[in-house]
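> fold the following for me, if possible:
(chains A and B)
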Number of protein chains: 2
Amino acid sequence: MNLENINNYVPDPTVRRLSHYKFLLENMKKEGRLIVSSTLIAKELGFDSIQVKKDIQYSGIVGQPKKGYKISELLAGIDEILNWNKVEKAILIGAGSLGTALMQYNGFKEIGLNIVASFDNDHKKVGKFVNGIEIIEMDRLEVAAKIMKIKIGIIAVPEESAQSCADKLIGGGIKAIWNFSPKIIQVKKDIIVENAQFIQSLALLTYKIRVNKI
Amino acid sequence: MNLENINNYVPDPTVRRLSHYKFLLENMKKEGRLIVSSTLIAKELGFDSIQVKKDIQYSGIVGQPKKGYKISELLAGIDEILNWNKVEKAILIGAGSLGTALMQYNGFKEIGLNIVASFDNDHKKVGKFVNGIEIIEMDRLEVAAKIMKIKIGIIAVPEESAQSCADKLIGGGIKAIWNFSPKIIQVKKDIIVENAQFIQSLALLTYKIRVNKI
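You can find the predicted model right below:
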């Protein structure tokens, strides 16, 4: 594997597409397939095959001419770029319906994320478990995050509480926030924030509806 | 408003950022502000101000030199691009925790989406209401979608049921699908599919965690 490339900057659209390839390749692997071409990946996902080739170059994985890529190598390369070969512990704030949906999704562990605890200020929820994940009182967040040395916090609360939750997470030593609220949260420069683009995704959908006049 | 520009192709990253501006501008409007500069928008959202200017150009809205844009005009321009000045009816499949979260979110109506019904094959759920939205038996989906002339379908079911749900939606005359499952669904070319990039968003987060060595 070309570690030179691995350390290079990868553009956001490539990162997004690589996560798509990962799911497709895992399915192909399950079906017993060993080799795949960029043309087939492109066809299955409705992408351009030159684009697929360029994206794969970031992994440093080289295919065999007229044959293609070894699926296992490609998966290892993608996992390395996306940091999905490690599992990072995360805590979640907000055990409402969205938070519950996130806790119930069993696929995160396969792609680098392990939600180890959740926090809510609703006393009726505190002490209960969702999919094996305990709901803990909000007041205990900062201490718990520090003790467990958690680096990732997930925000699944309404817009108006998002900023104070972000502040609590950072107070607990969290370095990266996955924000599911529509609120743009303000953080210091060394904190990573990724917004789980619900609304941005809806914007793309409604924009396309207008342009295609459906 | 420059309708020439409105009909032009708008790149995906611009569409995403415009949805960000919309929320910021709505907040500024609530606070009583009338005028905003691209520099202030850029500062508030951590974007580049030249980028913001370029994005706004797609709306055809022109600012006053050294003053900025009228917020109300800018909001109208963004709503027009994103098709958020109309409200489209949508139906949702899957009244699990994710589907429930989507039904409970009251913000969609303000940005062009009105979920009018949901469908599930769990008989314990059928007949109940979530946030005023009825849960209807799956078997009735195709007929109901046709009668209500629905164009948008939302998929909030597990991966393994996503394709069959997409087929049912299309059978019911749906033209655009907002897919919340990680499954890449296969559709005819004239159907719009937008994936609500949970996993793509996580990929961006975990990639940044690796690169920044946090």
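> for the helix or strand containing A:Leu102, the distance to its chain's centre please.
A:Leu102 is located in helix A:97-104, with elements delineated by DSSP states H and E. Averaging C-alpha coordinates over helix A:97-104 and over its chain gives two centres that are 15 Å apart (Cα atoms, centre = their mean, to the nearest Å).
> contacts for it, please.
A:92-93, A:95, A:108, A:115, A:118, A:120, A:130-131, A:133, A:154, A:156-157, A:180, B:96-98, B:100-101, B:104 (Cβ atoms under 8 Å, 6 or more residues apart in numbering or on different chains). Backbone N, C-alpha and C define where each C-beta goes, glycine included.
> same thing with stretch A:64-74?
A:21, A:25, A:28-29, A:33-38, A:40, A:56, A:59, A:61, A:63.
> buried ones from those, can you make that a ChimeraX selection?
Provided next is the ChimeraX selection string for whichever of the contacts of stretch A:64-74 are buried by 16 or more other Cβ atoms under 10 Å in any protein chain shown:
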select /A:21,25,28,35,36,37,38,40,56,59,61,63
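> narrow the contacts of stretch A:64-74 to those in strands?
Secondary structure defined by DSSP state E assigns A:Ile35, A:Val36 of the contacts of stretch A:64-74 to strands.
> where helices are concerned, which of the contacts of stretch A:64-74 count?
Among those, the members falling in helices (DSSP state H) are A:Tyr21, A:Leu25, A:Met28, A:Lys29, A:Ser38, A:Leu40, A:Ile56.
> let's test this: name the helix or strand in chain A with the lowest mean pLDDT.
Each helix and strand of chain A was given a mean pLDDT (mean pLDDT, DSSP states H and E); the minimum falls on helix A:3-6 at a mean of 48.
> can you tell if the longest strand along chain A touches chain B?
For chain A, the strand reaching the highest residue count under DSSP E is reported as strand A:113-120. Yes - shown here: strand A:113-120 in contact with chain B (Cβ under 8 Å from any Cβ of the partner chain) through A:Leu113.
> got the CA positions of that strand in PDB?
Backbone C-alpha positions of strand A:113-120 (Å, rounded to 0.1, in the frame of the first residue of the first chain) are rendered in PDB as follows:
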ATOM      1  CA  LEU A 113     -17.900   3.900  15.500                       C
ATOM      2  CA  ASN A 114     -19.000   2.400  18.800                       C
ATOM      3  CA  ILE A 115     -21.600   4.300  20.800                       C
ATOM      4  CA  VAL A 116     -20.800   3.300  24.400                       C
ATOM      5  CA  ALA A 117     -23.200   5.600  26.300                       C
ATOM      6  CA  SER A 118     -26.000   8.100  25.800                       C
ATOM      7  CA  PHE A 119     -27.100  11.100  27.900                       C
ATOM      8  CA  ASP A 120     -30.500  12.700  28.400                       C
END
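> just give the nearest non-adjacent residue to A:Lys86, would you?
Of all residues beyond its chain neighbours, the one nearest A:Lys86 is A:Gly112 (6.1 Å), with distances taken as Cβ to Cβ, 6 or more residues apart in numbering or on different chains.
> how close does the one you found sit to B:Ile214?
Applying Cβ to Cβ, to the nearest Å, the value for A:Gly112 to B:Ile214 is 13 Å.
> which of those two has more neighbours?
Neighbours around A:Gly112 and B:Ile214, counted as other Cβ atoms under 10 Å in any protein chain shown, are more numerous at A:Gly112. The numbers are 23 against 15.
> okay, the more buried one: pLDDT?
You'll see A:Gly112 listed with a pLDDT of 85.
> ok, it - contacts?
By Cβ under 8 Å, 6+ apart, the contact list for A:Gly112 reads A:Leu82, A:Asn83, A:Trp84, A:Asn85, A:Lys86, A:Val87, A:Glu88, B:Leu202, B:Thr206.
> of those residues, select the buried ones using a ChimeraX command.
This is how ChimeraX selects the buried members of the contacts of A:Gly112, with burial counted by 16+ other Cβ under 10 Å:
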select /A:82,83,84,88 /B:202,206
